[in-house]
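Participant: Based on what follows, work out the 3D shape:
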Amino acid sequence: MVVQITESSFEQEVMQSPTPVVIDFWAEWCGPCRQLMPVVHELAETYEGRVKFVKVNVDECPDLAARFGVMSIPTLVFMKNGEQVQRQVGAVPKPMLLGHIDALL
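Facilitator: Sure thing, here's the model as predicted:
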């Protein structure tokens, strides 16, 4: 399951998460974001219980996007213990994302 988060839920959902987190920065109008969406949902099912997947709409949460220096979307940020360990900008093939996620575990 992919959870849509806001600035008010970010601290609890991401920074205090006991499991690694993948943050998907996206927007409704973004074609590559929509292209990546089914892959992110599939990965969330595959890694359920081991990795948390969250989405941040950059139009609704511009401060979070700025906090992470998101300049283009989609941007995936891979977090572990409240620290960013990897970042992927753009829609990329699933095998590349698998490598980033496996590195979190």
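Participant: Point me to the helix or strand that includes residue 42.
Facilitator: helix 31-46 (DSSP states H and E).
Participant: buried set for that helix?
Facilitator: 33, 36-37, 39-40, 43-44 (16 or more other Cβ atoms under 10 Å). Quick note: C-beta positions are derived from backbone N, CA and C, even for glycine.
Participant: Can you show me the CA trace of it as PDB?
Facilitator: Output of helix 31-46 as PDB, limited to C-alpha atoms (Å, rounded to 0.1, in the frame of the first residue of the first chain):
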ATOM      1  CA  GLY A  31       3.000  12.300 -17.300                       C
ATOM      2  CA  PRO A  32       6.200  10.500 -16.200                       C
ATOM      3  CA  CYS A  33       4.700  10.400 -12.600                       C
ATOM      4  CA  ARG A  34       1.600   8.700 -13.900                       C
ATOM      5  CA  GLN A  35       3.800   6.300 -15.900                       C
ATOM      6  CA  LEU A  36       5.800   5.400 -12.700                       C
ATOM      7  CA  MET A  37       2.700   5.100 -10.400                       C
ATOM      8  CA  PRO A  38       1.800   1.400 -11.200                       C
ATOM      9  CA  VAL A  39       5.400   0.300 -10.700                       C
ATOM     10  CA  VAL A  40       5.500   2.000  -7.300                       C
ATOM     11  CA  HIS A  41       2.300   0.400  -6.300                       C
ATOM     12  CA  GLU A  42       3.600  -3.000  -7.400                       C
ATOM     13  CA  LEU A  43       6.800  -2.500  -5.500                       C
ATOM     14  CA  ALA A  44       4.800  -1.500  -2.400                       C
ATOM     15  CA  GLU A  45       3.000  -4.800  -2.600                       C
ATOM     16  CA  THR A  46       6.200  -6.800  -3.100                       C
END
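Participant: Let me see the residues that make contact with the helix or strand following that helix.
Facilitator: Using DSSP H and E, the helix or strand that follows helix 31-46 in sequence is strand 52-57. Residues from elsewhere that reach strand 52-57 (Cβ atoms under 8 Å, 6 or more residues apart in numbering): 1-5, 10, 13-14, 17, 19-28, 40-41, 43-44, 47, 64-65.
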